[in-house]
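J.: got a sequence here, can you model it:
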Amino acid sequence: MKEKIIKANNIELSTESFGNENNPAILLIAGATVSMLYWDTEFCEQLSEKGFFVIRYDNRDVGQSTNYEPGSAPYDIVDLTNDAIAILDGYDIDKANFVGISLGGLISQIAAIKFPNRVKTLTLISSGPWGDSDPTIPEMDTRIIEHHGNAESVDWTNEDSVVNYMVKGFALMSGKKSFDKQRSEKLVRAEFNRAKNYISMFNHATLEGGEEYWNRLNEVYQPTLIIHGTDDKIWHYKNAGVLIEKIKNTELITLEGTGHELHFEDWTTIINGLEKHIND
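T.: Numbering: from 1, shown residues only. This is a model prediction of the structure:
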């Protein structure tokens, strides 16, 4: 594992890489409010052992990357997409396999449209379309919305208070597979202690922009792998079907009983799926 700070777009992006830099590159793009640590070190190592050069990084406002005062994001989703390309430039990578989870999946879709020559393949995990979806698909589970409504009661300077609140949130997002409370607590503590400004992560909730790329998924020609859990309470599983309908060259891996999470029991399925998808 090697750390590297990429300076671009008047900001700093904290990155880490695994494996041989001469191998095909995989860029892991995390979802909203979480840092690169969401992609477990062990997961990244296992992926690199399949013969890939794996990069994970902190989006703006999380971890060690540039952060802003909490309240609103002075950047939009296209800026985050440009950041992903800046990371490829910083590593002298011409083209990478983009793997995005949730918000990272939306960033990946925009990248495939805006920078088609930089994106070799797409993998969209627990995500939805950058475009109109089926209006009959259920929205986010109301229990998660209610939980986020309690954020003001948390002492964001107190590690235990933060851990208690955040782990409850992860539990609500989990599916029918066993929830590993200990693993989630370890992640939250690591993120809390590593972040330059932990509560800046909530700026992701105010993200706007990207209208010029909306409803253009018919332009995506890169081979696309969709990985989705049947018990996803943020992006309902039916969104996978919308992605298949809108993007031409797609394959689907269904994770039975998995929620909105990168569940450790699914790692082997995901890693083997990525290996086949990228090497085909």
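J.: assign residue 5 to helix, strand or coil.
T.: strand (DSSP: H, G, I helix; E, B strand; the rest coil).
J.: just the pLDDT for it.
T.: At residue 5, the model reports a pLDDT of 98.
J.: let me see the contact set for it.
T.: Residues in contact with residue 5, defined by CB atoms under 8 Å, 6 or more residues apart in numbering, are 12, 13, 14, 15, 64. Using the backbone N, CA and C atoms, a C-beta is placed for each residue, glycine as well.
J.: rerun at 7 Å
T.: 12, 14 (CB atoms under 7 Å, 6 or more residues apart in numbering).
J.: distance check, it against residue 94.
T.: Residue 5 sits 21 Å away from residue 94, going by CB to CB, to the nearest Å.
J.: how about residue 199?
T.: Separation of residue 199 from residue 94 (CB to CB): 37 Å.
J.: try residue 178
T.: 41 Å.
J.: same question for residue 229.
T.: From residue 229 to residue 94 the distance is 33 Å (CB to CB).
J.: which of the two has more neighbours?
T.: Between residue 229 and residue 94, counted using other CB atoms under 10 Å, the more crowded position is residue 229 (27 against 10).
J.: any buried residues in stretch 30-47, and which?
T.: Buried residues in stretch 30-47, counting neighbours by 16 or more other CB atoms under 10 Å, are found at 30-40, 43-44, 46-47.
J.: same check, this time on stretch 73-80
T.: Neighbour count says stretch 73-80 has 73, 75, 77, 78, 79, 80 buried, by 16+ other CB under 10 Å.
J.: what does stretch 108-122 give?
T.: Quick answer for stretch 108-122 (16+ other CB under 10 Å): 108-115, 118-122.
J.: would a markdown table of these with pLDDT be doable?
T.: Formatted as a markdown table, the buried residues of stretch 108-122 follow (pLDDT from 0 to 100):
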| residue | pLDDT |
| --- | --- |
| 108 | 98 |
| 109 | 98 |
| 110 | 98 |
| 111 | 98 |
| 112 | 98 |
| 113 | 98 |
| 114 | 98 |
| 115 | 98 |
| 118 | 98 |
| 119 | 98 |
| 120 | 98 |
| 121 | 98 |
| 122 | 98 |
